[in-house]
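> fold the following.
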Amino acid sequence: MADQVFTVGDFRVFEIPDFAGRMQAIAQEIRPKLAALAEVLAPGVGRLVAGQVFPHVAKHARRTVNPPEDTWVAFGPERRGYKKDVHFKVAISKNCLRLLFEVGPEHQNKQRWATQWERRRRDLVPALRRAPEIGWFKDEHDEDPAASVKDLAAEQAAALAQELKRRRDGQLVLGRRMSRQEVTGMIPEAFQKAALETFRILAPLYRLR
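Coordinates of the predicted model:
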């Protein structure tokens, strides 16, 4: 990989106003970097969750009008796709990069996962609250977390998974936000270390599957 995982120019791709221009820049400038990053991270992520993970670089194939506000590589347990199961994600957008764990809206058995969370929350929640960089995001595409998990009361943190049972489109998104200034100043080894450390903290949630 290059001296930097991502450059300032990569983040500025999301300032391109027209659909065709932004899509072309994502495909030519960012997607190859996400694919290279996936090769480097996948073995380490697999060790964290004690199982093979498959990387999936976003292609935005369904988009025809509005250009995406972010793009990503996801790591999940299925070769054919990631949305129907829990997954990790490295997502880049205009102002930041996010290292996320997601139980997405299309998860095939969100209620079962939420039940597992409720059974294990006395172990899981304190560990998450001890990690100051972990935030709760209302939506997977949000650049900023709605709250830091450490600032939530234990009862509030434990209740985060209730949306999975209450709403058909409910989701749970936890992770770390890194500003573009922070990311563009990091050498690849430092970024890889930060990504795997974040996923290590979140790995017990993945293993609830």
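> quick one: buried residues of stretch 143-162?
Within stretch 143-162, the residues scored as buried using 16 or more other CB atoms under 10 Å are E143, P145, V149, L152, A157, A158, L160, A161. (Glycine included, C-beta is placed from N, CA and C.)
> wait, a strand at L100?
Yes - per DSSP: H, G, I helix; E, B strand; the rest coil, L100 lies within a strand segment.
> can you tell me how far it is from D139?
Here the criterion is CB to CB, to the nearest Å. By it, L100 lies 11 Å from D139.
> how about S93?
Per CB to CB, S93 is found 12 Å from D139.
> neighbour count winner among those two?
Legend: neighbour count by other CB atoms under 10 Å for S93 and D139, higher for S93 (19 against 10).
> mind showing which ranges of this protein have poor pLDDT?
1-2 (pLDDT under 70).
> now do the strands in it.
Taking DSSP state E, the strands of the chain run over residues 54-57, 70-76, 87-93, 96-103, 135-137, 147-148, 172-179.
> got a list of contacts for the fifth one?
When you say that, I think you mean strand 135-137. Residues outside strand 135-137 that contact it (CB atoms under 8 Å, 6 or more residues apart in numbering): 98, 100, 144-149, 152, 157, 160, 173-177.
> pretty sure L34 contacts K59?
No - at 10.7 Å, L34 does not count as touching K59 under the criterion of CB atoms under 8 Å.
> neighbour count winner among the two?
L34 (23 against 12).
> any idea how far the more buried one lies from L164?
For L34 relative to L164 (CB to CB), the value is 27 Å.
> closest to W117 out of the contacts of strand 135-137?
Distances from W117 to these, taken as CB to CB, are shortest for L160 (8.3 Å).
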